[in-house]
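Let's see this in three dimensions:
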Amino acid sequence: MTLPFPIDEYRQRQSRFSEKIKSDSIVIIPTNDPSIRSNDVHFPFRANSYMLYLCGWEEAGAFLVISKHSDNWESTLFVTPRDTKKEIWEGIRIGVEGAVDWPVDYAESIEDLEKILAPKIDNCSRVYSIAGVSKRLDKFLSDYPNTTDPRPALDSMRRIKSSNEIDHMSIAADIASKAHTIAMKKSKPGMGEWQIQSFIEGMFTEAGSETSFQSIVGSGDNATVLHYNSNNSITKEGDLILVDAGCEIHGYASDITRTWPISGKFSEAQKEIYEIVLTAELEGIRACIAGSNWSSMHQATSKVIAQGLIDLGILNCPLDEALGGEELDGPFRNYFMHGTGHFLGLDVHDVGGGRQGDDQEPPI
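Okay, here's the model as predicted:
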């Protein structure tokens with residue numbers, strides 16, 4: 001495990017975050033608990049995104065604690081200690097000794113977590129923590145019911161990416177783009193959806209990345225299921241293939257969806273629909289400019305799709321009626337039921353608002 005960014009960048013994040021919280025406070029950021037796949041087999045571990053953002057720690061069994069008194073703050077990283085017997089089976093741990101080189105002031109063993117935290121909490125006026133991530137922390141904090149969620153403050157920071165973060169996301173996007181291109185070239189009728197999935201995810205692995213979400217490879221009717229992920233059908237001549245897949249580098253995600261004809265050529269009906277969607281995408285991109293509201297992208301794409309459905313005779317009504325006014329809830333929604341775009345970063349559906357149904361509409 002190595003830090004993807006300079007130590008100064010993490011320390012600056014911690015400093016900016018400390019400015020957003022009350023004095024005489026303590027913040028406890030847990031990483032994710034490991035998840036069991038079956039019996040004694042675990043799913044691959046993925047660290048909590050807030051842990052990655054604030055200190056870059058990727059190992060399981062860790063807690064980042066930030067204490068603020070007056071205008072001074074300090075950070076302590078609690079980690080799993082070295083254990084020779086377990087390391088023989090599971091791999092070398094960085095341990096407390098190695099964690100002191102991370103972007104924190106102090107490193108401690110998680111075996112001492114409660115013993116060290118209890119007096120700190122008793123001497124502060126406010127506790128910030130994220131519930132539902134660590135069973136151990138939830139149990140410990142059950143004696144301190146008045147905790148505050150730090151995510152609103154952190155989310156406003158995470159929404160604006162540094163140049164280093166953008167570089168990592170660009171690498172992830174390039175890898176995902178190459179993977180989709182490989183799948184387009186290799187796919188042919190009679191293949192299983194899982195085989196096309198293997199072309200894509202094989203490229204992810206070859207490039208040293210990981211999947212950022214479960215890949216969607218849908219053929220024929222399966223392509224109309226928004227979050228289809230069985231990927232177990234055989235493709236047929238004339239099918240369209242929809243692939244929604246992305247990878248991540250040090251937690252920073254890409255997410256690309258593309259549709260193509262398995263036979264290599266669109267039918268006339270498929271081409272008509274594809275051209276509408278492509279035009280809508282380009283209009284959405286043109287609407288995505290600094291200073292615009294987030295909804296401007298969805299308004300642009302919705303107008304193109306609604307008009308396209310009218311032109312094809314699928315909808316028989318004026319454009320305004322098809323759109324449904326400012327709420328954009330007209331009959332075109334029977335064919336375009338999701339929103340347009342989402343934030344991307346340490347989460348594939350990243351924090352900061354902007355998704356359909358969110359209370360807030362962030363500016364671009």
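
give me the number of residues near the residue nearest to I310 when sequence neighbours are not counted?
Leaving out its chain neighbours, the residue that sits closest to I310 by Cβ to Cβ, 6 or more residues apart in numbering is A322, at 6.0 Å. The C-beta positions use only the backbone N, C-alpha and C, and glycine is treated the same way. Residues contacting A322 under the criterion other Cβ atoms under 10 Å number 22.

The one 3 residues further on now?
By other Cβ under 10 Å, 9 other residues sit near G325.

Repeat that for I310.
Under the neighbour criterion other Cβ under 10 Å, I310 is assigned a count of 17.

That one and C317 touch, don't they?
Yes: the pair I310 / C317 is scored as a contact, 7.2 Å apart, by Cβ atoms under 8 Å.

if we can go back for a sec, wait, the residue nearest to I310 touches F332, no?
Yes: A322 lies in contact with F332 (Cβ under 8 Å); the separation is 4.8 Å.

Between those two, which contacts overlap?
Contact criterion Cβ atoms under 8 Å, 6 or more residues apart in numbering; residues shared by A322 and F332: 306, 309, 315.

residue ranges for the strands of the stretch 1-150 of the chain, please.
Assignment of strands within the stretch 1-150 of the chain using DSSP state E, counting those that start in this stretch yields the ranges 25-30, 36-38, 41-42, 63-69, 72-79, 106-109, 126-129, 147-148.

same check, this time on the stretch 151-300 of the chain
210-211, 216-219, 240-245, 247-249, 252-253, 256-261.

Throw the ones you listed into TSV and include mean pLDDT and distance to S25, thanks.
As requested, those are arranged in TSV below (pLDDT from 0 to 100; distance: least, Cβ to Cβ, whole Å):
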stretch	mean pLDDT	distance to S25
strand 210-211	96	34
strand 216-219	98	42
strand 240-245	97	41
strand 247-249	97	31
strand 252-253	98	29
strand 256-261	97	41
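
Go through those and pick out the most buried.
Among the strands of the stretch 151-300 of the chain, strand 252-253 has the highest mean neighbour count (mean count of other Cβ atoms under 10 Å), at a mean of 28.

how far is that one from where the chain is centred?
Strand 252-253 sits 7 Å away from the centroid of its parent chain (Cα atoms, centre = their mean, to the nearest Å).

With stretch 302-313 instead?
On Cα atoms, centre = their mean, the centre of stretch 302-313 falls 31 Å from the chain's centre.

What of stretch 161-168?
For stretch 161-168, the separation from the chain centroid amounts to 15 Å (computed by Cα atoms, centre = their mean).

what does stretch 67-81 give?
With Cα atoms, centre = their mean, you get 27 Å for stretch 67-81.

end-to-end on that stretch?
22 Å (Cα to Cα, to the nearest Å).

Tell me where the stretch 251-364 of the chain has helices.
268-287, 295-311, 319-323 (DSSP state H, counting those that start in this stretch).

now swap in the stretch 1-150 of the chain and tell me
Secondary structure of the stretch 1-150 of the chain (DSSP H, counting those that start in this stretch): helices located at 7-20, 49-55, 84-90, 95-99, 113-122, 135-141.

tell me the most buried of those?
Among the helices of the stretch 1-150 of the chain, ranked by average contacts under mean count of other Cβ under 10 Å, first place goes to helix 49-55 (a mean of 23).

who does that helix touch, helix- and strand-wise?
Counting contacts by 3 or more Cβ pairs under 8 Å, 6 or more residues apart in numbering; DSSP states H and E, helix 49-55 is packed against helix 7-20, strand 25-30, strand 63-69, strand 72-79, helix 151-158.

Understood, closing this out.
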